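Enquirer: generate a structure from the sequence data that follows.
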Amino acid sequence: MSVQSSAAHRRVWRATVATGAVSGVLSLLTTAVDAAHAQTDTLRVAAAVELAHSANPTLQAARLRVDVARERVPQAGALPDPVLTLGLMNRPLDGFGTDERMTMNTVQLMQRLPWPGKLGFSEDRAEHLVVARELDANEVELQLTARVKTVYYQLAYMDRALGVMRETRDLLRNFHEVSAARYAVGDGLQQDVLQAQVAVAQITEDIIVMEQERTASAARLNALLGRDATVPVAALELEGPVGGPPPVDTLMALAAVERPALQATRARIDAAEAGYRAARRQLYPDFMVSLGYGQRPQYTDMVTIMLGITVPLWAGGRQLPLRREMLAMQTEQEALERNLYNETFARITELRAHAERARNLSELYATSVLPQAQAAVESALSAYRVGSVDYMTLVNNQLTVNRYEIETVRLVADYRRAVAELEALIGSDLEVSDED
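Expert: Prediction:
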């Protein structure tokens, strides 16, 4: 074979290898996101929420606190226990006999009757506190739902991002092989080989970091679901935005009516008011009714009826401070309600802006940025075929596409997390609208 034919053969071989490698690399890159999305979803978000509601220890504790408060209601409205006494009265010391007229065996029953309204208002206060506890449990459930969804969507984002990153690493490894092959036959630069090695090492590092973060997030999700931290969590679902959340005024109106935490503060205000009304009646005396029976073995038996009242002699140290305590508690709950309302309004405004930002950017990337980046890849590929650009320009353009693919997925996850927190604040599911 002649020298000229051998050189021509090498040039054809190099062109064939380079073009085939680039085509394979681009195929890997363009299918990265599709491969990530094709993973089997094993745990739906609704199923995760339902599991958390049934197994999360924090929510179970909140529900048990309701049972504790409910058992205090009958205690608050119950009369004090009566007092039963048995006695031997007026027994003489010289013989302990029963022939004295004043000697008797006695049975006495005493009952304390609080002033009307004391027990009633105390029971009202306990009932309002039960309502507050129930609303607290509902708030815990909503916050738990938001936390589950937040971790869930973070994991779903990581799944898809890892898929893209692994495919990108495969592309860079192929690029390294092609660069090394071209350099071996004298048609490439050593710099391309070194840059490819560095790129593979960098993305491998990123994959390791994200894999560890996913392990930690999976353990956190398992904890919220009441499961062992080592239970495997496979690929999760992630749906894109279908519309924007309602206006802030609408969201705040819903929160003012539906959010359990706000309703709980109102219930505690009512409880403090009932406690204050009960405290005002502490200055009024309680009644003491006593019935007694005296048995005299050698004489006629006797009956005793007594009526007494308590005297609030130490009102300055007991009843009046209690009244001031209940009044301060009522004022405190009113201040907490105003603060919680303001915090809720501010958080709703913040979350809605965050959701709108994530939704708008994800749409911008999908409709404008990504198509332009993909067009840049096609242009670079055409230029590479005629030798106008090098490998790194082509690969960097495709990596830009992948970066925006990952960013789009992250924005979708951010949108879903913001909506989940909004639902917890308004106390109900958020039906997003297709209209802006």
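
Enquirer: tell me the centre residue of this protein?
Expert: In the chain, the centroid-proximal residue (CA atoms, centre = their mean) is Arg147; its distance is 2.8 Å.

Enquirer: I'd assumed Leu225 was in contact with that residue.
Expert: No - with contact defined as CB atoms under 8 Å, Arg147 does not count as touching Leu225 (10.7 Å). Yep, even glycine has a C-beta here, placed from its N, CA and C like the rest.

Enquirer: do you know how far the residue nearest to the centre of the chain is from Leu224?
Expert: 6 Å (CB to CB, to the nearest Å).

Enquirer: got it, and Pro312?
Expert: If you go by CB to CB, the gap between Pro312 and Leu224 works out to 52 Å.

Enquirer: more neighbours, these two?
Expert: Leu224 (25 against 15; other CB atoms under 10 Å).

Enquirer: so what's the more buried one up against?
Expert: Applying CB atoms under 8 Å, 6 or more residues apart in numbering to Leu224 gives the contacts Ala52, Asn56, Leu144, Arg147, Val148, Val151.

Enquirer: ok, now with 10 Å
Expert: 48-49, 51-52, 55-59, 144-145, 147-152 (CB atoms under 10 Å, 6 or more residues apart in numbering).

Enquirer: report the next helix or strand after the longest helix along the chain in sequence order.
Expert: Longest helix in the chain by number of residues (criterion: DSSP state H): helix 118-184. As assigned by DSSP states H and E, the chain's next helix or strand after helix 118-184 is helix 190-224.

Enquirer: hang on, the earlier thing: just how off-centre is the longest helix of the chain within its chain?
Expert: Using CA atoms, centre = their mean, to the nearest Å, the distance from the centre of helix 118-184 to the centre of the chain it belongs to is 9 Å.

Enquirer: packing partners for it?
Expert: Secondary-structure packing of helix 118-184 (3 or more CB pairs under 10 Å, 6 or more residues apart in numbering; DSSP states H and E): helix 3-30, helix 32-37, helix 45-55, helix 57-77, helix 190-224, helix 260-280, helix 391-426.

Enquirer: pLDDT of stretch 147-166, averaged?
Expert: Mean per-residue pLDDT for stretch 147-166: 91.

Enquirer: where does pLDDT dip in the stretch 101-250 of the chain?
Expert: By pLDDT under 70, the weakly predicted segments of the stretch 101-250 of the chain are 175-176, 178-179, 182-183, 186-193, 195-196.

Enquirer: hang on, isn't Val66 packed against Val130?
Expert: Yes - counting by CB atoms under 10 Å, Val66 touches Val130, with 6.8 Å between them.

Enquirer: list the buried residues for stretch 292-311?
Expert: By neighbour count on 16 or more other CB atoms under 10 Å, the buried set for stretch 292-311 is Gly292, Gly294, Arg296.

Enquirer: ugh, wrong one, stretch 341-354
Expert: Buried-residue list, stretch 341-354, by 16+ other CB under 10 Å: Tyr341, Thr344, Phe345, Ile348, Leu351, Arg352, His354.

Enquirer: please confirm that Arg347 is located within a helix.
Expert: Yes - counting by DSSP: H, G, I helix; E, B strand; the rest coil, one finds Arg347 located in a helix.

Enquirer: excluding its backbone neighbours, what's nearest it?
Expert: Leu425 (6.1 Å; CB to CB, 6 or more residues apart in numbering).

Enquirer: which residues touch the residue nearest to Val233 when sequence neighbours are not counted?
Expert: Nearest non-adjacent residue to Val233, counting by CB to CB, 6+ apart: Ala218, 4.2 Å away. The contact partners of Ala218, taken as CB under 10 Å, 6+ apart, are Val151, Leu155, Met158, Ala229, Thr230, Val231, Pro232, Val233, Ala234, Leu236.

Enquirer: put the buried members of those residues into a PyMOL selection.
Expert: Buried subset of the contacts of Ala218, written as a PyMOL selection, criterion 16+ other CB under 10 Å:
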select buried, resi 151+155+158+233+236
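
Enquirer: out of the contacts of Ala218, the closest to Asn360 would be?
Expert: Met158 (23.2 Å; CB to CB).

Enquirer: from Leu221, how far out is the closest one?
Expert: For Met158 relative to Leu221 (CB to CB), the value is 11 Å.

Enquirer: and Arg173, by the same measure?
Expert: The value you get for Arg173 to Leu221, if CB to CB is used, is 32 Å.

Enquirer: ok, Gln282 next?
Expert: 51 Å.

Enquirer: so for those two, which residue has more residues nearby?
Expert: Ranked by neighbour count (other CB under 10 Å), Gln282 and Leu221 place Leu221 first, with 24 against 20.

Enquirer: is it true that Glu407 touches Ala373?
Expert: No - the criterion here is CB under 10 Å, and Glu407 misses it with Ala373 at 11.0 Å.

Enquirer: joint contacts of the two?
Expert: Common neighbours of Glu407 and Ala373, counting by CB under 10 Å, 6+ apart, are Tyr365.

Enquirer: for these two, indicate the residue with more neighbours.
Expert: Per other CB under 10 Å, whichever of Glu407 and Ala373 has more neighbours is Ala373, with 19 against 16.

Enquirer: so the more buried one is in which element?
Expert: Applying DSSP H and E, one finds Ala373 within helix 370-385.

Enquirer: packing partners of that helix?
Expert: For helix 370-385, the packing partners by 3+ CB pairs under 10 Å, 6+ apart come out as helix 3-30, helix 391-426.

Enquirer: go through those helices and find the least confident stretch.
Expert: helix 3-30 (a mean of 40).

Enquirer: got CSV for the helices and strands packed on helix 118-184, with distance to Phe287 too?
Expert: Below are the helices and strands packed on helix 118-184 laid out as CSV (distance: least, CB to CB, whole Å):
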stretch, distance to Phe287
helix 3-30, 89
helix 32-37, 77
helix 45-55, 50
helix 57-77, 17
helix 190-224, 55
helix 260-280, 17
helix 391-426, 51
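
Enquirer: so which of those helices comes closest to Phe121?
Expert: Among the helices and strands packed on helix 118-184, helix 260-280 sits nearest to Phe121 (CB to CB), with 3.6 Å.

Enquirer: okay, the angle between that closest one and helix 391-426?
Expert: Counting by axes from the mean of the first three to the mean of the last three CA atoms, to 10 degrees, helix 260-280 points 30 degrees away from the direction of helix 391-426.

Enquirer: list the buried ones in helix 260-280?
Expert: By neighbour count on 16+ other CB under 10 Å, the buried set for helix 260-280 is 260-280.

Enquirer: ok so, going back, among the contacts of Ala218, which one sits closest to Pro116?
Expert: For these, the minimum distance to Pro116 (CB to CB) is 54.3 Å, reached by Val151.

Enquirer: who touches the closest one in this structure?
Expert: 48, 217-225, 233, 236, 417.
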